[in-house]
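> only geometry, no sequence info:
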């Protein structure tokens, strides 16, 4: 069983008293093969927070993230986004509220051009063409790819693909941006560009990462998950000082 950090009033301090964008209570999930991925996960994110989700491989981070817009079902517990329960009837709205960016951008970039990739979500929301174009232009400007609209997606660099993938979800104007290992596979320059982008985006953010310097530099709050449980939740600066806690859960102090 994982070593659990003493419950921190700081985590509550960071989220309580502010409008919650994400509320998870006692989430439990196991895969059809019997593997238990989540064991009673609870957390609360307030609007405007930027929170890091960290832990060793197999801890349950990806399983948790895939629950936030209903990709994985058959779980017990409660999830609500912007006050809306994550249940089948609400999934079209939930998937507009939660912008999920996968670790591999090729999983999200499948259209001939960057413009078409970014326009895909707004088009399927049934928005008029003028609104779709406005959203695409806005999203590409946010990620610094305004001049890339007619570029072939598969000709982009790794860093450009990451930013284009983020643009595909920003065009949906999500309430919550969820990213899985955003800096994985990037060279130092592309990594720094992406960090600057994430720092600038005015959206609530939950980011799963093994990049502990990124966590230190960008996220005031850190949640550690191991063996499907939240084992610590508090101020990043405080948790990074607890070397025994980090070592117990396969993490290194940056």
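Cool, the structure landed. This one's a predicted model, so the numbers in the text were calculated from it and none came from an experiment.

> any low-confidence regions in this protein?
Counting by pLDDT under 70, the chain shows low-confidence ranges at 1-18.

> can we see that at 50?
Scanning the chain for pLDDT under 50 picks out 1-10, 12-14.

> can you show me the strands along this structure?
For the chain, strands defined by DSSP state E occupy the ranges 20-30, 36-46, 50-54, 76-81, 84-85, 98-101, 176-180, 204-208, 221-226, 229-235.

> now those as a markdown table including mean neighbour count and distance to residue 115?
(Glycine included, C-beta is placed from N, CA and C.) Shown next, in a markdown table, are the strands of the chain (neighbours: other CB atoms under 10 Å; distance: least, CB to CB, whole Å):
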| stretch | mean neighbour count | distance to residue 115 |
| --- | --- | --- |
| strand 20-30 | 19 | 29 |
| strand 36-46 | 19 | 32 |
| strand 50-54 | 23 | 28 |
| strand 76-81 | 17 | 28 |
| strand 84-85 | 12 | 30 |
| strand 98-101 | 24 | 18 |
| strand 176-180 | 22 | 21 |
| strand 204-208 | 23 | 25 |
| strand 221-226 | 25 | 35 |
| strand 229-235 | 22 | 40 |
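
> can I get those in JSON lines with distance to residue 214?
Conversion of these to JSON lines gives the following (distance: least, CB to CB, whole Å):
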{"stretch": "strand 20-30", "distance to residue 214": "20"}
{"stretch": "strand 36-46", "distance to residue 214": "18"}
{"stretch": "strand 50-54", "distance to residue 214": "8"}
{"stretch": "strand 76-81", "distance to residue 214": "24"}
{"stretch": "strand 84-85", "distance to residue 214": "30"}
{"stretch": "strand 98-101", "distance to residue 214": "15"}
{"stretch": "strand 176-180", "distance to residue 214": "11"}
{"stretch": "strand 204-208", "distance to residue 214": "8"}
{"stretch": "strand 221-226", "distance to residue 214": "11"}
{"stretch": "strand 229-235", "distance to residue 214": "16"}
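
> for residue 186, which of those strands is the nearest?
strand 176-180 (12.7 Å; CB to CB).

> select, out of the strands of the chain, the one closest to residue 169.
When those are compared (using CB to CB), the closest one is strand 98-101, at 3.0 Å.

> now for the closest one, which elements pack on it?
In terms of contacts (3 or more CB pairs under 8 Å, 6 or more residues apart in numbering; DSSP states H and E), strand 98-101 is packed against helix 158-170, strand 176-180.

> neighbouring strands - and their directions - for that strand?
strand 176-180 (parallel) (DSSP bridges).

> now do the contacts for residue 39.
Neighbour list for residue 39: 28, 60, 227-229 [criterion: CB atoms under 8 Å, 6 or more residues apart in numbering].

> related to what we said a few turns ago, out of the strands of the chain, flag the one nearest residue 252.
Nearest of these (CB to CB): strand 50-54, 10.5 Å.

> tell me how far that closest one lies from the chain's centre.
8 Å (CA atoms, centre = their mean, to the nearest Å).

> do stretch 136-154 as well
On CA atoms, centre = their mean, the centre of stretch 136-154 falls 21 Å from that of its chain.

> how many other residues sit next to the nearest residue to residue 148 once chain neighbours are set aside?
Computed as CB to CB, 6 or more residues apart in numbering, the closest residue to residue 148 that is not its neighbour in sequence is residue 114, at 5.0 Å. Residues lying near residue 114 (other CB atoms under 10 Å) number 27.

> how about residue 239?
As a measure of burial, residue 239 has 25 neighbours, counting by other CB under 10 Å.

> my guess is it meets residue 223, correct?
No. With contacts counted by CB atoms under 8 Å, residue 239 stays clear of residue 223, the gap being 9.2 Å.

> okay, and the common contacts of these two?
Common neighbours of residue 239 and residue 223 (CB under 8 Å, 6+ apart) are residue 232.

> how about the contacts made by the nearest residue to residue 63 once chain neighbours are set aside?
In this structure, residue 63 finds its nearest non-sequential neighbour in residue 37, 3.9 Å apart by CB to CB, 6+ apart. Taking CB under 8 Å, 6+ apart as the criterion, residue 37 is in contact with 29-31, 60, 63, 228.
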